[in-house]
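Enquirer: Got a predicted structure plus its sequence, pasted below:
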There are 2 protein chains.
Amino acid sequence: VIAQCALGVDIGGTKMLAGVVDRDGQVARREERATPQESQEVFLKELDSLVEGLLDDDVAALGFGLPSTIDQRAGRTVGSVHIPLADFDFRDRMSERFRLPVAIDNDGNVTAIAEWKLGAGRGASHIVALTLGTGIGGGLILDGKPYRGSIGAGAELGHIVLDYDGVPCGGACTGRGHFEALAAGSAADGAAEQRFGSGATSRQLVEAARAGDEGAAEDLAEIGRRLGAGIASFVNIFNPELVILGGGFAHAEDLILDSARETLALEALPPGRDLVRIVRAEFGREAGMIGAALVAFEAFDAGAS
Amino acid sequence: VIAQCALGVDIGGTKMLAGVVDRDGQVARREERATPQESQEVFLKELDSLVEGLLDDDVAALGFGLPSTIDQRAGRTVGSVHIPLADFDFRDRMSERFRLPVAIDNDGNVTAIAEWKLGAGRGASHIVALTLGTGIGGGLILDGKPYRGSIGAGAELGHIVLDYDGVPCGGACTGRGHFEALAAGSAADGAAEQRFGSGATSRQLVEAARAGDEGAAEDLAEIGRRLGAGIASFVNIFNPELVILGGGFAHAEDLILDSARETLALEALPPGRDLVRIVRAEFGREAGMIGAALVAFEAFDAGAS
């Protein structure tokens, strides 16, 4: 039995994007809804309704990309950022509700899997994928397969310590100076507010820099240097073939990538430094949804074999 | 054909330790020599003589642990710290010279392999091994096998950026604020000199702290906090079962480990934070030699199959 299609759902803090996807990543139909924040009950009700609206007989499995740390042994979300879902047996709940094979994975992991199987990482076996949004999501392909850690909680690449004893990471994270607080959208928001006043955003900072504002350009170059230092850490650890950059903040690449590469050249060791290629993700906002469908196919194939 | 013994050689900046080792890690005989620094020619002559002195018919393969970044495709040392050996076809040179299967690997990797197969990591599949000496060597066991990166240059765990734009890493490394410069012996040497004057060493700092010197104890607690921050980065990335600490500076664990654990608890995310165990390496100074023999068996078995 070969599954024709899987339903992939990318669940973020503001929206849930679901699609019926075939093995080649073609999306037959899709739907987007706002992510309810009131409670777990309301969240699940809306998610059930989203899934039901897209299900038909072609859909053989369900996959969910979650902004959560996950215990894959139990199929459980341990902690979640931005959605009301902690310590919840997500996989069992969904497979009981829909009577289909269900896979769950971290949003960074599913994005990496989409790029590896169908996007910028095709053919590569050692990939560090970074999603630069407000924070930084990460996913790893190592020795030709996704790396998830001993229980599936791995690849929280946004939470390496980049600036020891630095600024608080924020949210539920009690750390300081973490990569995601220094080298992506929230850092640019902070720089924008310092430069243009309360309420200014990273988008304004980027627009100002493109319009010739040298201060704004330097703010973004500094964020690029921090990005380069974090990438260098991953190059030294993993000796990857590719570092794939995606996410909304990666659109500022014209303003951050030159300084990132300069810092990378200083902080990373040869030969890994000279071999690695930094490339843009091929999938845009549908990366997580398509990756979620790909892990659903994995679950289907594991059950069928 | 099953190899009875392999010759493992651990090559460091000051000494070369060689031993004839069986598959259970038992050492039949061993020899140690100083590492010549004058030139590659002198270095190789001394190494050849060390190997020849230990070879007999029981030895079926040779393994070398090197303080070098390595290109495993070519069996080449790309760059070396503390030994005169850059851009050298080490594997071919040795297999031509001795007519035996030869394996080479980074010193951090062979140490990790020794602990995984025969030491503190037996039975575990996800291990971060750190050797705390003057600097920090690292090795990874991921999903049940050694991780070496796309060409074998991986797992330079001492060279993650821990303090962005911090102190120069030193030696051949052009980076700043790297883990190994902040959280091991060289950092303790620096603190000792600041506290006790030029020429003071980490050993003096440790002795003073054990004798009740509160300032020295605080210096070491601070180094422990940095160690904890680096370990937290690896816990967030890898979700490992074990972090194994070895090397000479790990003997100061009574003075650094409490503060390391406190920082780890703040910087690492659940559930990985709560599951990981930090343990002492079981092998002492022979870890690299035994690990080098184990990779020699790998090369032998690959050739025999």
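Expert: Cool, the structure landed. Because the structure is a prediction, the values reported are computed rather than measured. Residues are numbered from 1 along each chain as shown, chains lettered A, B, ... in the order given.

Enquirer: Could you pull up the residues touching residue A:68?
Expert: By C-beta atoms under 8 Å, 6 or more residues apart in numbering or on different chains, residue A:68 lies in contact with A:77, A:78, A:79, A:80, A:81, A:83, A:85, A:106, A:107. C-beta here means a position set from N, CA and C on the backbone, and glycine is covered the same way.

Enquirer: again, 6 Å this time
Expert: Contacts for residue A:68 (C-beta atoms under 6 Å, 6 or more residues apart in numbering or on different chains) come out as A:77, A:80.

Enquirer: go on, the one 4 residues further on?
Expert: Applying C-beta under 6 Å, 6+ apart to residue A:72 gives the contacts residue A:152.

Enquirer: The same query, at a cut-off of 10 Å, please.
Expert: The neighbours of residue A:72, taking C-beta atoms under 10 Å, 6 or more residues apart in numbering or on different chains as the test, are A:91, A:103-106, A:148-154, B:239.

Enquirer: Please check the residues you listed and keep the buried ones.
Expert: A:91, A:103-106, A:148-154, B:239 (16 or more other C-beta atoms under 10 Å in any protein chain shown).

Enquirer: residues from the stretch 1-150 of chain A in reach of chain B?
Expert: A:69-72, A:76, A:78-79, A:86-87, A:124-128, A:138, A:140, A:142-143, A:145-150 (C-beta under 10 Å from any C-beta of the partner chain).

Enquirer: Any of these buried? List them.
Expert: A:69-72, A:76, A:78-79, A:124, A:126-128, A:138, A:140, A:142, A:146-150.

Enquirer: So which of those residues belong to strands?
Expert: A:69, A:70, A:71, A:76, A:78, A:79, A:127, A:128, A:138, A:140, A:142, A:146 (DSSP state E).

Enquirer: Redo those residues as CSV? Include pLDDT.
Expert: Formatted as CSV, these follow (pLDDT from 0 to 100):
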residue, pLDDT
A:69, 91
A:70, 93
A:71, 94
A:76, 95
A:78, 91
A:79, 85
A:127, 98
A:128, 98
A:138, 95
A:140, 98
A:142, 98
A:146, 97
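
Enquirer: residue ranges with poor pLDDT in the stretch 1-150 of chain A?
Expert: A:1 (pLDDT under 70).

Enquirer: Which stretches in the stretch 151-300 of chain A count as strands?
Expert: A:168-170, A:173-176, A:242-246, A:277-280 (DSSP state E, counting those that start in this stretch).

Enquirer: ok, and what's touching the shortest one?
Expert: Residues from elsewhere that reach strand A:168-170, judged by C-beta under 10 Å, 6+ apart: A:81, A:134-135, A:158-159, A:161, A:174-182, A:186, B:266-267, B:269.

Enquirer: Among the ones in strands among the buried ones among the residues of the stretch 1-150 of chain A next to chain B, which one sits closest to chain B?
Expert: residue A:78 (4.6 Å; C-beta to the nearest C-beta).

Enquirer: Who are the contact partners of that closest one?
Expert: Taking C-beta under 10 Å, 6+ apart as the test, what residue A:78 contacts is A:68-71, A:85-88, A:151-153, B:269-272, B:274.

Enquirer: List the ones among the buried ones among the contacts of residue A:72 that fall in helices.
Expert: Those of these mapping onto helices are residue A:91, per DSSP state H.

Enquirer: out of the buried ones among the contacts of residue A:72, who's nearest residue B:298?
Expert: residue A:150 (23.4 Å; C-beta to C-beta).
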